[in-house]
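Novice: what follows is a predicted protein model with its sequence.
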Amino acid sequence: MAQFTRVSGSVGLISLKNPPVNALSAVVRQGIVDTVQRALSDPKVKSVVICGQNGIFCGGADIKEFGTAMSGPPLVPMIHAIEAAEKPVVAAIEGLALGGGLELALGCHYRIAHSKARLGLPEVSLGLLPAAGGTQRLPRLIGVPAALDLITTGRHVTAAEALKLGIVDQVTDHNTVDAAVKFALSVREHSLNARRISNNLCPPPSDLDALFEGAMQKVRQTARGAVAPVACVQAVRAAATMPYTQGMEREKELMATLFTSGQARALQYCFFAQRAVGRWSMPSGARWDTSKPRPIHKAAVIGLGTMGRGITVALAQTGLSVVAVETQEKQLMEAKQAVSGMLKRGAKRRGVAPVLDLVSYNCNLQAVADADLVIEAVFEDMDLKKKVFQQLSAVCKPGTLLCTNTSALDIDHLASQTPNPELVVGMHFFAPAHVMKLLEVVYGSRSSPQVVATAMQLGKKMGKVSVAVGNCRGFVGNRMLKPYMEHAFFLLEDGATPELVDQALEEFGFAMGVFRMSDLSGLDVGWRVRKEDGLAHPGMALGQAARVRQGRRYSPLADLLCEQDRFGQKTGMGWYQYDKPGGRVSRPDPWLHSFLEEYRARHGLVARRIDHQEVLERCLYTMINEGFRILEDGIAAGPEDIDMIYVFGYGWPRHRGGPMFYAGMVGLERVLERLEHYHQAHPDVPYLQPCNLLRRLVASGSPPIHRWREVIKKVRSQL
Ligand SMILES: C[C@H](O)[C@H](C)C(=O)SCCNC(=O)CCNC(=O)[C@H](O)C(C)(C)COP(=O)([O-])OP(=O)([O-])OC[C@H]1O[C@@H](n2cnc3c(N)ncnc32)[C@H](O)[C@@H]1OP(=O)([O-])[O-]
């Protein structure tokens, strides 16, 4: 809703009220229409101020309304009425003015912002464009290049930058509403013609065509198939080339192409899913709102390799004091230098002072005795990790939470090395740990709700998207990656090349295809895991049995490459060739093509033509099928957990929503039918056998994703 009061004698104060972000729901829009009419028709009112309650101006249109039949007054004419008003209207911007909220402010004649406010048009991150005049008014106000940047990136700007760009007229450190009312009193006699942005022409850019060609090229490169950024460029071009009314028509036309698009639905699903994973639950019934986190004042990190260094930086950047431990003096000094460098660069990027003194370095484990929480990040070896957990149990004060950064090892087994397994939890970071947003919080069968709550809260404090999952081999992310990788290898056996598979996946929207990713992370990483699983031993990759393991189909292709030190970028050759060890630019490798031909001939395999559709179906549907098994096992509480893990940790394209959302978009029936088709062709590949939960969802009419949890509950209760 919107409230009207008259203040300072002649100022009509309209305050938006719709916690938590004063989103422009139908009720709020009606409230604005009513209160603006009242202010404009009240003779005592000489000028108007619009503000938001609870220290926030407005978070934009109500995203929750997007999936429903739109009701209430539309935004565009509502904002037109404000702009056309004969009394000056001043926007008092506190906290946030985003999307439709900033468009509302752009319809006002003046904008006053608090110094801590953030402003932006983030619609593109929801698969949309600013459709309440933002694409037409912002370029007229701040020029085309600056408007293109804000609208195609959706980035938020500070009040200081907004003042510099000309979006706001004044910035205050004091009470924004008071400042706006004082300002409104001062302009009540001013002419408003020039203040009506839509009346102004768009400042002509020096070379319009070059500017827009450049912008279009840029968004096409970064968008990886997302359509909204392209439409944003087209809409701003209309502002630079058409009269306002025509430009508004173009904006409306382009928005119509986006609003119901699959991509917009996927991106809006991600918006809510990212918030839903914070409301975690465990099979024991423990939940986010019934489990109190433990306060953490001092943390410690054991093992300062690549991951340990990143984790130390992520912790210190929250303001926590951190003890960083590495047993070897030389490695400790190298780590200190690396961590200090990362902290300085991070501080520079964020425009704050580096927090170097928050981190202390030590070779002696005793130094972590008084830590509230310890994260172990030593080499991925069970025996070594068990030893560290035994030592920590002996050294740490009672109640210290013990966390492990393992990416696949058994949390329960590690916890059993300590007298208090309830204080043990997995905190699985992704490289680089101070950059990647995802944190898998892995609870064991005896992890207490309090240790999970504490890890989740610490994850949020580090700016991570934290997802609570159960303990199993590979947890969620790596467990689903296995069938995905396995099928990529099978596709090579059946006739594909790494280039073809990667092209299909990159056109789908992945930043990197599976083989380029494998070369980046190093083929030896997977090789070590396969050896630990008893799947890869010298000599096993030859002969007829080479392609069978534990009674199922297996591809030794990657093992054969590793036996020849083809570990990828680090050795300058892997699935692709690179100009030198450590090279980044991949080129198709003729050697690998003839190696594949020889391999197929040796195993009596006949190459056949494989198209992109088959690549996507075999790689993604097996991953999705494993996702359904994970839901059936209760390792993930809901599809949102899986989707956020893949969007924030494995480069799944956000405009595709995530593997489980994508399955819903393709149609569960189709996914089931294709899995059955491939399983029939490859009965020796159990990952292709459709999961019971998938069958149950199809049998119950393929309900929309937000209703899957009901079916999961039923299936699990019958297990
Ligand atoms: C015509 C026009 O051109 C178009 C078409 C549009 O305008 S499209 C809309 C454009 N606007 C946006 O893209 C802004 C989206 N919101 C955000 O970026 C962030 O929310 C935030 C504002 C920076 C606050 O972040 P936060 O971290 O402090 O809290 P939170 O947990 O995120 O949010 C707190 C709670 O508020 C809910 N919420 C936030 N913004 C909302 C919105 N615009 N509509 C509905 N709910 C919203 C959110 O789901 C959560 O709910 P719950 O989980 O508690 O039930």
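Specialist: Okay, I see it.
Novice: would you check how far apart N625 and E632 are?
Specialist: To E632, N625 is 11 Å away according to Cβ to Cβ, to the nearest Å. No exception for glycine: its C-beta is placed from N, CA and C like everyone else's.
Novice: er, Q689 I mean
Specialist: Taken as Cβ to Cβ, the span from Q689 to E632 is 13 Å.
Novice: which one of these two has more residues nearby?
Specialist: E632 (18 against 15; other Cβ atoms under 10 Å).
Novice: leaving out chain neighbours, which residue sits closest to that one?
Specialist: Spatial nearest neighbour of E632, excluding adjacent residues (Cβ to Cβ, 6 or more residues apart in numbering): L693 at 4.3 Å.
Novice: quick revisit: now do the shared contacts for N625 and E632.
Specialist: The contact sets of N625 and E632 overlap at C691 (Cβ atoms under 8 Å, 6 or more residues apart in numbering).
Novice: before we move on, what SS does V441 have?
Specialist: strand (DSSP: H, G, I helix; E, B strand; the rest coil).
Novice: for the helix or strand containing K344, packing partners?
Specialist: Using DSSP states H and E, K344 sits within helix 329-350. Contacts defined by 3 or more Cβ pairs under 8 Å, 6 or more residues apart in numbering; DSSP states H and E place helix 329-350 against helix 306-316, strand 321-325, strand 359-362.
Novice: ok, back up a step: so the residue nearest to E632 makes contact with D633?
Specialist: No: L693 is not in contact with D633 according to Cβ atoms under 8 Å; the separation is 9.5 Å.
Novice: more neighbours: these two, which one.
Specialist: Between L693 and D633, counted using other Cβ under 10 Å, L693 has the larger neighbour count: 22 against 16.
Novice: and stretch 70-81, what's its mean pLDDT?
Specialist: In this model, stretch 70-81 carries a mean pLDDT of 96.
Novice: need the contact list for the residue nearest to E632.
Specialist: By Cβ under 8 Å, 6+ apart, the contact set of L693 is 628-629, 631-632, 711-712, 715.
Novice: who wins for most neighbours among the residues you listed?
Specialist: For the contacts of L693, neighbours tallied by other Cβ under 10 Å; top is F628, 29 neighbours.
Novice: correct me if wrong: that residue contacts R695.
Specialist: No: between F628 and R695 there is no contact, the gap being 9.1 Å when judged by Cβ under 8 Å.
Novice: starting at the chain centroid, how far to the helix holding K344?
Specialist: Centre-to-centre, helix 329-350 and its host chain are 26 Å apart (Cα atoms, centre = their mean, to the nearest Å).
Novice: can you give the contact residues for that helix?
Specialist: 304, 308-310, 312-313, 316-317, 324, 326, 353-356, 359, 361-363, 434.
Novice: give me the angle between that helix and helix 306-316.
Specialist: Between helix 329-350 and helix 306-316, the angle comes out at 50 degrees (axes from the mean of the first three to the mean of the last three Cα atoms, to 10 degrees).
Novice: only the buried residues of helix 329-350, if you could.
Specialist: Going by neighbour count (16 or more other Cβ atoms under 10 Å), the buried part of helix 329-350 is 332, 335-336, 338-339, 342-343, 346.
Novice: and for stretch 269-281?
Specialist: Neighbour-count burial for stretch 269-281 flags 269-271, 273-274, 276-278, 280-281 (criterion: 16+ other Cβ under 10 Å).
Novice: for stretch 294-305, what is the distance to the chain centroid?
Specialist: Here the centre of stretch 294-305 is set off from its chain's centre by 25 Å, with Cα atoms, centre = their mean.
Novice: quote the end-to-end distance of that stretch.
Specialist: End-to-end distance for stretch 294-305, by Cα to Cα, to the nearest Å: 28 Å.
Novice: state the distance from Q569 to M456.
Specialist: Remark: distance between Q569 and M456 (Cβ to Cβ) = 34 Å.
Novice: secondary structure element holding the closest residue to the ligand within the stretch 201-350 of the chain?
Specialist: Proximity of the stretch 201-350 of the chain to the ligand (Cβ to the nearest ligand atom) peaks at R275, 3.8 Å away. Element membership for R275 (DSSP H and E) is helix 262-276.
Novice: next: V168.
Specialist: Using DSSP H and E, V168 falls outside every helix and strand.
Novice: next up, the contacts around it.
Specialist: Contacts of V168 (Cβ under 8 Å, 6+ apart): 93, 111-113, 119, 159, 162.
Novice: please apply the same query to C270.
Specialist: Each residue near C270 by Cβ under 8 Å, 6+ apart is listed here: 643-644, 647, 654, 657-658, 661.
Novice: out of these, which are inside strands?
Specialist: Members of the contacts of C270 lying in strands (criterion: DSSP state E): none.
Novice: may I ask which of those residues has the most neighbours?
Specialist: Among these, D643 has the most neighbours (other Cβ under 10 Å), with 31 neighbours.
Novice: what's the nearest residue to that one if we skip its chain neighbours?
Specialist: Among residues not flanking D643 along the chain, G658 sits closest, at 2.3 Å (Cβ to Cβ, 6+ apart).
Novice: which residues does that neighbour contact?
Specialist: By Cβ under 8 Å, 6+ apart, the contact list for G658 reads 266, 269-270, 273, 639-640, 642-644, 646-647, 652.
Novice: same thing but at 6 Å, please
Specialist: By Cβ atoms under 6 Å, 6 or more residues apart in numbering, G658 lies in contact with 643, 646-647, 652.
Novice: and T257, what element?
Specialist: helix 244-259.
Novice: got the angle for that helix vs helix 262-276?
Specialist: Calculated by the same axes, to 10 degrees, helix 244-259 forms an angle of 70 degrees with helix 262-276.
Novice: can you list contacts of helix 244-259?
Specialist: Contacts for helix 244-259 (Cβ under 6 Å, 6+ apart): 128-129, 131, 135-136, 198, 228, 231, 234-235, 238-239, 264.
Novice: restrict the residues you listed to those near the ligand?
Specialist: By Cβ under 6 Å from any ligand atom, the members of these lying near the ligand are 128, 131.
Novice: restricted to helices, list the contacts of helix 244-259.
Specialist: 135-136, 228, 231, 234-235, 238-239, 264 (DSSP state H).
Novice: how many other residues sit next to V219?
Specialist: Residues within reach of V219, counting by other Cβ under 10 Å, total 21.
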